[in-house]
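Enquirer: predicted model follows, preceded by the sequence.
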Amino acid sequence: MSMEGTERSGPDADGVGLRGVGLRGVELGGVGLGGAGSDGADMDGVGLGGEGLDGPDMDLAERLRRWIEMPNIAVELDDARHGQVADRVARDWRADEATRAEWKENCRRWLDLAQQVAEPKTYPWPGASNVIYPLLTVAAVQFAARAYPGIVRDRDVVRGTVLGDDSGVPMPDPLRPGQVLAGPDGAPLWLVPPGAKRARATAIGRHMSWQLLDEMAEWEEQTDKLLLKLAIVGTMFRKTYFDPALQRNVSETVDPLMLCIDYHAKSFATAPRITEEIDLYPWEIEERIRAGLFLDHDYGGNHDAGEDSDAPVTFLEQHRRLDLDGDGYAEPYIVTIARDSGKLARIAAGFDMDGVMFDARDHRIRRIEAISYYTKFSFIPSPDSAIYDIGFGTLLHPLNAAVNTSLNQMFDAAHLANAGGGFVGSGMSLNTGSVRFQVGEYKVVNTPGATLRENLVPMQFPGPNPVLFQLLGFLVDAGREIASVKDILSGAMPGGNVSGMLGLAVIQQGLKVFSAIFKRIHRSLGAEFRKLYRLNRLYLPDEAGFREGSAFFRVTRADYEQAGGVEPVSDPEIVTDMQQLARANFLLAFKDDPWCDGHEIRRRAFEAAAIGLVDKVLRPSPAPDPTAMARAAELDLRARREAQEMEMRAGSEAAEQVSTLAEAALRLAQARKADRG
């Protein structure tokens with residue numbers, strides 16, 4: 001089985017997925033490493049157990065190529081090597097998990113807070129008020145509500161880009177070197193017609209948009225979830241690969257809790273290890289064993305599976321470097337083990353031959369670049385340079401907790417004030433225990449009124465503190481300030497004295513924080529789309545067709561091989577509908593300006609108002625009046641003639657001046673000569 005290699009990891013490459021090394025799908029969906037780390041010293045020299053693999057006559061390139069094509073390199077390792085590799089993977093995973101243990105605990109608290117999960121309270125009494133103010137929830141929902149329509153806008157998600165000149169390549173004349181071959185009408189013939197790159201880029205953008213929205217039906221839904229959770233935890237991941245079982249690309253969202261990276265790694269691209277926890281059901285494991293992708297072991301079950309025989313087994317898929325060939329250089333591999341039993345299931349190459357660089361002098365391996373499969377989505381970079389970034393959970397959790405405490409204290413105080421209570425003197429007896437009243441009911445007692453009044457002393461509960469209420473408002477405003485959840489941004493009308501332009505300026509300023517975050521998402525989307533672009537270049541059929549409505553389009557693999565690239569259609573600057581309408585109104589003031597195209601201005605105004613089928617609403621531009629065109633041409637010709645005459649007249653006058661000066665100089669010279677004679 002051939003590894004389907006893709007993008008390189010590195011500063012100028014965004015990486016693409018590799019099918020045949022991961023755990024998703026029957027054929028094992030590809031995953032990959034966004035960088036590569038160095039392997040520890042105790043694994044150096046761990047060689048393959050197969051006979052002849054380390055012989056002096058083996059060509060390095062052929063050996064690496066063979067490993068790349070192997071579905072499971074572990075079949076050539078002996079049991080001792082299996083144990084060494086599996087122990088190293090498990091040990092390093094636990095070390096990485098320890099570095100992010102505090103972050104994981106905080107992350108779960110943020111998610112519980114966003115989901116309004118209330119824990120039972122026993123203080124100040126069992127069943128006390130336990131209200132959760134939705135500050136974090138509203139911040140995350142509003143961010144996703146603004147970002148999601150900006151990414152998935154109509155049917156356009158991806159836009160093809162043009163690199164280089166698009167003016168075309170003329171056909172040279174074979175009989176006249178340096179000349180261009182012309183057709184019967186005298187027009188040049190083209191090897192590549194002008195605008196060919198733009199047409200190819202348009203076709204690619206349309207095809208990839210169709211792939212994301214129609215062929216990859218899960219992509220849009222997972223993008224929606226990604227944006228919501230990204231706002232809470234601050235970091236999300238996407239894994240992109242080609243699935244031969246589905247015969248299409250896959251780009252799935254990966255929960256950061258399930259993707260373990262050293263918390264203190266320098267960067268995502270240079271992390272020494274990336275480990276993903278993947279659950280597989282027993283029949284999925286058996287399918288992989290029969291396909292030769294897993295070693296034939298009894299991998300057991302998870303410790304917490306209980307009596308459920310169909311419970312999934314958790315595997316660790318670790319992208320790391322190991323020196324399996326014993327040459328002193330650790331190559332990128334993807335190692336899969338069962339998490340609880342620790343048994344080795346698979347070793348696959350995490351590189352392809354395009355990333356293997358040899359030294360021309362001694363033919364030794366100089367460098368091997370790992371294939372990248374993951375795309376990191378960042379909300380706000382962590383100030384402590386941690387690998388996991390921060391979201392509203394980090395920023396709002398302390399404030400939200402303080403708001404919850406203030407609210408619950410006020411509710412508890414109000415409950416005490418409303419419920420009442422107090423002391424009953426021992427000298428008064430009602431011949432009963434607790435007295436319960438119906439609404440409007442009076443009880444008959446055998447005690448004089450004065451005695452009753454003197455023996456009942458109610459407790460004084462002042463109720464909610466006004467200062468605490470003011471503090472609550474301050475905390476809520478501070479949280480909304482951090483999250484940029486303003487009333488005017490939430491759809492509430494501003495004050496009556498606020499002008500429209502001032503309101504738009506306030507909106508634009510309030511969206512500055514979102515614009516910076518959205519630019520990071522825009523950058524990550526570009527990296528994800530470049531992965532998909534390369535997958536299409538590698539695995540798309542020679543010609544593929546797709547349908548949008550009643551229209552049918554075709555795209556070829558050659559289009560992807562020749563085109564420049566792709567980028568998201570989404571604008572990195574979030575623009576609200578109100579801002580678009582304000583800009584359209586600004587343009588409408590120039591619809592009758594002779595220096596502006598009134599028809600295009602009206603079109604943009606309709607589009608800003610989200611009016612569909614604009615071509616049916618807006619009539620085509622009227623044809624120009626032939627008489628007016630002739631008159632304009634005549635005036636233009638007359639103006640040119642007058643300009644030429646003025647230029648000729650000015651030239652004639654200048655020549656006369658030069659002639660006069662020359663004649664005067666000649667006469668002066670003659671006069672001086674006569675005086676000397």
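Expert: Cool, the structure landed.

Enquirer: hang on, isn't residue 525 packed against residue 151?
Expert: Yes: Residue 525 lies in contact with residue 151 (CB atoms under 8 Å); the separation is 6.8 Å. Any C-beta I mention is one placed from the backbone N, CA and C, and that applies to glycine too.

Enquirer: between the two, which has more neighbouring residues?
Expert: residue 525 (23 against 20; other CB atoms under 10 Å).

Enquirer: so the more buried one, which of the three states?
Expert: helix (DSSP: H, G, I helix; E, B strand; the rest coil).

Enquirer: that one: what's it in contact with?
Expert: Residue 525 sits next to 151, 568, 570 when contact means CB atoms under 8 Å, 6 or more residues apart in numbering.

Enquirer: repeat that for residue 262.
Expert: 95-96, 99-100, 271-273, 387.

Enquirer: make it 7 Å
Expert: When the contact criterion is CB atoms under 7 Å, 6 or more residues apart in numbering, the partners of residue 262 are 96, 99, 271-273, 387.

Enquirer: now the residues you listed: which count as buried?
Expert: The neighbour-count test (16 or more other CB atoms under 10 Å) applied to the contacts of residue 262 identifies 96, 99, 271-273, 387 as buried.

Enquirer: what's the first-to-last distance across stretch 541-556?
Expert: 7 Å (CA to CA, to the nearest Å).

Enquirer: hang on, the earlier thing: return the member of the contacts of residue 525 nearest to residue 167.
Expert: residue 568 (26.8 Å; CB to CB).

Enquirer: compute the distance between the spatially closest residue to that closest one that is not a sequence neighbour and residue 533, please.
Expert: Distance criterion CB to CB, 6 or more residues apart in numbering; nearest residue to residue 568, sequence neighbours excluded, is residue 525 at 4.3 Å. The spacing between residue 525 and residue 533, counted by CB to CB, to the nearest Å, is 12 Å.

Enquirer: residue 412 too?
Expert: Counting by CB to CB, the gap from residue 412 to residue 533 is 59 Å.

Enquirer: and the two? Which one has more around it.
Expert: More crowded of residue 412 and residue 533, by other CB under 10 Å: residue 533, with 24 against 17.

Enquirer: residue 417 contacts residue 463, correct?
Expert: Yes: in this structure, residue 417 is within contact of residue 463 by CB atoms under 7 Å, at 4.0 Å.

Enquirer: any low-confidence regions in the stretch 101-250 of the chain?
Expert: Nowhere does the stretch 101-250 of the chain drop to pLDDT under 70.

Enquirer: show me where it has its helices.
Expert: 101-114, 135-151, 196-210, 217-233 (DSSP state H, counting those that start in this stretch).

Enquirer: one step back: closest to residue 267 out of the contacts of residue 525?
Expert: residue 568 (22.6 Å).

Enquirer: residue 567: neighbour count?
Expert: Neighbours around residue 567, by other CB under 10 Å: 18.

Enquirer: so it is in which element?
Expert: Assigned by DSSP states H and E, residue 567 belongs to strand 565-568.

Enquirer: that strand: partners in the sheet, and parallel or antiparallel?
Expert: strand 158-161 (antiparallel) (DSSP bridges).

Enquirer: list of residues touching the partner strand?
Expert: With CB under 7 Å, 6+ apart as the test, strand 158-161 has contacts from 201-202, 204-205, 208-209, 212, 529, 563-569.

Enquirer: buried set for stretch 326-340?
Expert: For stretch 326-340, burial by neighbour count (16+ other CB under 10 Å) applies to 329-340.

Enquirer: and this protein, what are its domains?
Expert: 1-100+262-390, 133-167+189-260+393-420+462-575, 626-677 (automatic domain parsing).

Enquirer: any chance of the buried ones among the contacts of residue 262 in a markdown table with pLDDT as columns?
Expert: A markdown table is the format used below for those (pLDDT from 0 to 100):
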| residue | pLDDT |
| --- | --- |
| 96 | 97 |
| 99 | 97 |
| 271 | 95 |
| 272 | 94 |
| 273 | 96 |
| 387 | 95 |
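
Enquirer: closest to residue 179 out of those?
Expert: So of the buried ones among the contacts of residue 262, ranked by how close each gets to residue 179 (CB to CB), first place is residue 271, at 57.6 Å.

Enquirer: ramachandran angles for the closest one?
Expert: With angles defined as degrees, to the nearest 10, residue 271 shows backbone torsions of phi -60, psi 130.

Enquirer: sorry, back to before: please identify which pair of the buried residues of stretch 326-340 lies farthest apart.
Expert: It's 329 and 340 that sit farthest apart of the buried residues of stretch 326-340, by CB to CB, at 32.6 Å.

Enquirer: redo the helices of the stretch 101-250 of the chain as a markdown table? Include distance to residue 664.
Expert: Converted to a markdown table, these look like this (distance: least, CB to CB, whole Å):
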| stretch | distance to residue 664 |
| --- | --- |
| helix 101-114 | 94 |
| helix 135-151 | 77 |
| helix 196-210 | 64 |
| helix 217-233 | 85 |
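
Enquirer: so which of those helices gets nearest residue 649?
Expert: Taking CB to CB, helix 196-210 is the member of the helices of the stretch 101-250 of the chain nearest to residue 649, at 47.6 Å.

Enquirer: so what does that closest one touch, helix or strand wise?
Expert: Counting contacts by 3 or more CB pairs under 7 Å, 6 or more residues apart in numbering; DSSP states H and E, helix 196-210 packs against strand 158-161, strand 543-548, strand 551-556, helix 557-562, strand 565-568.
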